[in-house]
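K.L.:
sequence plus predicted model, see below.
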Amino acid sequence: GDSVTQTEGQVTVSESKSLIINCTYSATSIGYPNLFWYVRYPGEGLQLLLKVITAGQKGSSRGFEATYNKEATSFHLQKASVQESDSAVYYCALIYQGGRALIFGTGTTVSVSP
Amino acid sequence: GPKVLQIPSHQIIDMGQMVTLNCDPVSNHLYFYWYKQILGQQMEFLVNFYNGKVMEKSKLFKDQFSVERPDGSYFTLKIQPTALEDSAVYFCASSSDGINTEVFFGKGTRLTVV
């Protein structure tokens, strides 16, 4: 079935350094999925960070960017310079047109040290 | 922004007992969802609910599970009877117009079955 893979369970990065969180997805369903990054800040509920529904397009929010790469079936999340407030759990997710629910990766916990 | 509230945040219950998880979705949202996340695993879709009816459910939505939203009050997930493998964090979510509109999540209820 459809699935999302995040290879890093935990990432520690120093403030002002760059960050990349990897996300790949399986493409067993027909067509191209809508792709999402969700984030859970400490003590908060899961919230949408960005989404991209067209292959080849880039989404951005709060300094984060992710490009929908249909050839590589990837949707990596990047930020050039992280802050302590970016410490959170990041989830990659997808849904195909006509799908019933979001399919999530296992999440990546990002800890930004001062 | 819009918030989905889940009550309680943590519940401990004896195996075989009944438990009801409560969710107060975003007002004027019409679609409601439950997801289940076992520690260290992905968040997985359980069920979605619209217009007073279950629209779709996954294989994780066992016969012991039921959902309802009587008279526009809380959207509830009831498990009767509970089993040890039901221990997980349960996330409620809502959206205004189906899965292709933004989905808002609650902070989750951690259920521990002992």
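P.N.:
Structure received. Residues are numbered from 1 along each chain as shown, chains lettered A, B, ... in the order given.
K.L.:
what does chain B put close to chain A?
P.N.:
Contacts of chain B with chain A, taken as CB under 8 Å from any CB of the partner chain, map to B:1, B:3-4, B:33, B:35, B:40-45, B:48, B:55-56, B:58, B:91, B:99-100, B:102-108. For every residue, glycine as well, the C-beta is placed using N, CA and C.
K.L.:
ok, now with 6 Å
P.N.:
Residues of chain B lying near chain A by CB under 6 Å from any CB of the partner chain: B:42-43, B:45, B:56, B:99, B:102, B:105-107.
K.L.:
quick check, A:Ser60 in a helix?
P.N.:
No - using DSSP: H, G, I helix; E, B strand; the rest coil, the assignment for A:Ser60 is strand, not a helix.
K.L.:
may I have the secondary structure class of the residue nearest to it when sequence neighbours are not counted?
P.N.:
Spatial nearest neighbour of A:Ser60, chain neighbours left out: A:Leu50 (6.3 Å); criterion: CB to CB, 6 or more residues apart in numbering or on different chains. At A:Leu50 the chain is in strand, as set by three-state DSSP.
K.L.:
so A:Leu50 bridges to which residues?
P.N.:
Beta-bridge partners recorded for A:Leu50 (DSSP bridges): A:Trp37.
K.L.:
distance of A:Thr28 from chain B?
P.N.:
16 Å (CB to the nearest CB, to the nearest Å).
K.L.:
what residues are up against that residue?
P.N.:
Counting by CB atoms under 6 Å, 6 or more residues apart in numbering or on different chains, A:Thr28 touches A:Asp2.
K.L.:
show me what residue 65 is bridged to.
P.N.:
The chain I'm using is chain A. Under DSSP bridges, the beta-bridge partners of A:Glu65 are A:Ser60, A:Gln78.
K.L.:
I was thinking of chain B, sorry if that wasn't clear
P.N.:
B:Ile79.
K.L.:
give me the neighbour count for it.
P.N.:
18 (other CB atoms under 10 Å in any protein chain shown).
K.L.:
per-residue confidence at it?
P.N.:
With respect to pLDDT, B:Phe65 scores 98.
K.L.:
would you turn the residues of chain B next to chain A into JSON lines with secondary structure?
P.N.:
Shown next, in JSON lines, are the residues of chain B next to chain A (three-state DSSP):
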{"residue": "B:Gln42", "secondary structure": "coil"}
{"residue": "B:Met43", "secondary structure": "strand"}
{"residue": "B:Phe45", "secondary structure": "strand"}
{"residue": "B:Glu56", "secondary structure": "strand"}
{"residue": "B:Ile99", "secondary structure": "coil"}
{"residue": "B:Glu102", "secondary structure": "coil"}
{"residue": "B:Phe105", "secondary structure": "strand"}
{"residue": "B:Gly106", "secondary structure": "coil"}
{"residue": "B:Lys107", "secondary structure": "coil"}
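K.L.:
of all pairs in those residues, which one is the farthest apart?
P.N.:
B:Glu56 and B:Lys107 (24.0 Å; CB to CB).
K.L.:
going by residue numbers, what spans are strands in chain A?
P.N.:
For chain A, the strands defined by DSSP state E occupy A:4-5, A:10-14, A:19-21, A:24-25, A:34-40, A:47-52, A:58-61, A:64-67, A:77-79, A:88-95, A:103-104, A:108-113.
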